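Student: Generate coordinates for the sequence data below:
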Amino acid sequence: MGPRECVLVDGFGDIHAIPLRSLSDWTNRLGLDDSCARLARNAKLDWDKTSRLFTRRKEQ
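Tutor: Residues are numbered from 1 along each chain as shown. This is a model prediction of the structure:
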């Protein structure tokens, strides 16, 4: 077995009537960063949108 990792699997298509994320790279990036930040909060991870990496939170 290799190292543990978190993998984000993207769905197929766009669930919205007007696919704003699909219209531009900027809106897609913004939405992806928001989704990853939400996932990080739920999984108790940190999300760095600059490097686009999840990291484990340091225990206090």
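
Student: from here on, contacts and neighbour counts on C-alpha atoms
Tutor: Will do.

Student: Which strands and helices lie in contact with the longest helix along the chain?
Tutor: When the chain is parsed with DSSP state H, its longest helix is helix 25-43. Of the remaining helices and strands, those touching helix 25-43 by 3 or more CA pairs under 8 Å, 6 or more residues apart in numbering; DSSP states H and E are helix 20-23, strand 45-48.

Student: which of the ones you listed sits most buried?
Tutor: Counting by mean count of other CA atoms under 10 Å, strand 45-48 has the highest mean neighbour count of the helices and strands packed on helix 25-43, with a mean of 18.

Student: of the helices and strands packed on helix 25-43, which approaches D33 most closely?
Tutor: When those are compared by CA to CA, strand 45-48 sits nearest D33, at 8.4 Å.

Student: Can you tell me the strand partners of the closest one and which way each runs?
Tutor: If you go by DSSP bridges, strand 45-48 pairs up with strand 53-56 (antiparallel).

Student: Tell me who's in contact with R52.
Tutor: Shown in contact with R52 (CA atoms under 8 Å, 6 or more residues apart in numbering): D33.

Student: Give me the local confidence score for it.
Tutor: Confidence at R52, expressed as pLDDT, is 91.

Student: Looks like W47 contacts F54 (just checking).
Tutor: Yes: under the criterion of CA atoms under 8 Å, W47 makes contact with F54 at 4.7 Å.
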